[in-house]
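# For reference, the sequence and a predicted model appear below.
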Amino acid sequence: MDERLLELLIETLPLGVLQIDTRCRVVWQNSRVAMATGGRVGEEFDTQGVTAGDRPAVLAALSAVLDGKDDIELEYGYRSRCAGARRVHATLRPLLDDDDRVTGAIICLADVTDATRLREELRHQSTYDELTGCLNRASTLAALHEALSSANRRGTAVLFVDLDGLEALNNRYGHAVGDRLLIMVADHLRTSVRGSDAVGRFGGDEFVVVCREVPDAGRARRIAETVVAALTTATLEVDGDRLHPRAGVGVAWAAPGSAAAESLISRADAAMYEAKRAHTALVLAH
């Protein structure tokens, strides 16, 4: 193929394409690479724009491909001089002479910033409750399964929190106020438990907290008491009224390897209903 035609074809690709020699100096590059990096032929391939956390992986990939390893693919962050912070997918392929000696490499660079952002948005939507930012039901159960199946040497506790009167509040003040109450409750739950605990919205007015590495039922109860105290102090002001969330809390604890996720959730749920029947804030499952 004519060299000029080949160069034109490469320029039409939605990719940055460049060739480097064995010392990582740029032998040839298309305009996309030049615009993004500001580098010139004869200069070393730019790794300074790579985000600090990804730079070791990029340097290792360059070293490996110039040692004649197979094609390498990786993704990394890069700060482009013309487009700012971007996400790049790179494919590196060694170039060999007739004696199979490495003479350099071809690198293809694709901007995957938008695809990465979309992927993260979809992951977030599939993991978290849109209103409260808590884990959704499926992710809460996954967190509980993970806690029970991991090398948890102490035990696992589950807190089941069910709000009272949400429907009546929605009827009186509107669903926007009900949503504000749910958001406030979620915030208080997150700040009242440990950083390693997982807070999930299990249903419309139900929340579940998964606590790993809890040594015994007494410690589980104390965590739940902290949650109750936090909800007791929560206040939402609406049209001059001060609204306080009311909830029943059930807590269940299991020693390592002694219970399945569904069983532990069921026990905490039953303890929550027992708390409501007894008109008390908290019940520990037996």
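Here it is on my side, so go on.

# so where do the helices sit in the protein?
For the chain, applying DSSP state H gives helices covering 3-12, 31-37, 55-66, 113-127, 137-149, 166-173, 175-192, 217-233, 261-277.

# Gly84 is nearest to which of those helices?
helix 113-127 (9.5 Å; Cβ to Cβ). In this view, the C-beta of every residue, glycine as well, is placed from N, C-alpha and C.

# Mind listing what's buried along the closest one?
By neighbour count on 16 or more other Cβ atoms under 10 Å, the buried set for helix 113-127 is Thr113, Thr116.

# among the helices of the chain, which is nearest Trp253?
Nearest to Trp253, of all the helices of the chain, is helix 217-233, at 4.0 Å by Cβ to Cβ.

# who touches that closest one?
155, 157, 159, 161, 185, 188-189, 191-194, 197, 209, 211, 214, 244-245, 247, 249, 251-253, 281-282, 284 (Cβ atoms under 8 Å, 6 or more residues apart in numbering).

# What subset of these is buried?
155, 157, 159, 161, 185, 188-189, 192-193, 197, 209, 211, 214, 245, 247, 249, 251-253, 281-282, 284.

# Report the residue spans of this protein with pLDDT below the cut-off.
For the chain, the stretches with pLDDT under 70 are 1-14, 151-152, 286.

# buried sites along the strand ranked longest in it?
Counting residues, the longest strand found in the chain (DSSP state E) is strand 84-96. Within strand 84-96, the residues scored as buried using 16+ other Cβ under 10 Å are Arg86, Arg87, Val88, His89, Ala90, Thr91, Leu92, Pro94, Leu95.

# wait, which of the residues you listed is closest to Glu73?
When the buried residues of strand 84-96 are compared for distance to Glu73 (Cβ to Cβ), Thr91 wins out at 5.2 Å.

# Once you drop chain neighbours, what's closest to the closest one?
Nearest in space to Thr91, with sequence neighbours left out and distances taken as Cβ to Cβ, 6 or more residues apart in numbering, is Cys108 at 4.5 Å.

# and if you look at Gly16?
Among residues not flanking Gly16 along the chain, Leu109 sits closest, at 3.6 Å (Cβ to Cβ, 6+ apart).

# ditto for Phe207
In space, Phe207 is closest to Val161, 4.2 Å off (Cβ to Cβ, 6+ apart).

# which ones are touching the one you found?
Shown in contact with Val161 (Cβ under 8 Å, 6+ apart): Val185, Leu189, Glu206, Phe207, Val208, Val209, Val227, Leu231, Ala247, Gly248, Val249, Met272.

# Spatially central residue for the protein, please.
His124 (6.7 Å; Cα atoms, centre = their mean).

# Report the separation between that residue and Leu131.
In this structure, His124 and Leu131 are 13 Å apart, going by Cβ to Cβ, to the nearest Å.

# Show me what Tyr128 is bridged to.
Tyr128 has these beta-bridge partners by DSSP bridges: Leu135.

# Quick check, it in contact with Asn136.
Yes. Taking contacts as Cβ atoms under 8 Å, Tyr128 lies within contact range of Asn136: 6.1 Å.

# circling back: what's the angle between the longest strand of the chain and helix 113-127?
Angle between the axes of strand 84-96 and helix 113-127 is 110 degrees (criterion: axes from the mean of the first three to the mean of the last three Cα atoms, to 10 degrees).

# Which other helices and strands does strand 84-96 contact?
If you count contacts as 3 or more Cβ pairs under 8 Å, 6 or more residues apart in numbering; DSSP states H and E, strand 84-96 packs onto helix 55-66, strand 72-80, strand 102-111, helix 113-127.

# Run the angle between it and strand 102-111 for me.
150 degrees.

# Show me what strand 84-96 pairs with in its sheet, parallel or antiparallel.
strand 72-80 (antiparallel), strand 102-111 (antiparallel).

# who does the residue nearest to Gly16 bridge with?
With DSSP bridges applied, Leu109 shows beta-bridge pairing to Gly16, Ala90.

# Please tell me how far it sits from Arg32.
8 Å.

# for Arg201, same thing?
Distance of Arg201 to Arg32, given as Cβ to Cβ: 44 Å.

# what's the answer for Ala61, then?
Per Cβ to Cβ, Ala61 is found 20 Å from Arg32.

# circling back: could you dump the helices and strands packed on strand 84-96 to CSV with distance to Arg180?
Shown next, in CSV, are the helices and strands packed on strand 84-96 (distance: least, Cβ to Cβ, whole Å):
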stretch, distance to Arg180
helix 55-66, 44
strand 72-80, 37
strand 102-111, 40
helix 113-127, 22
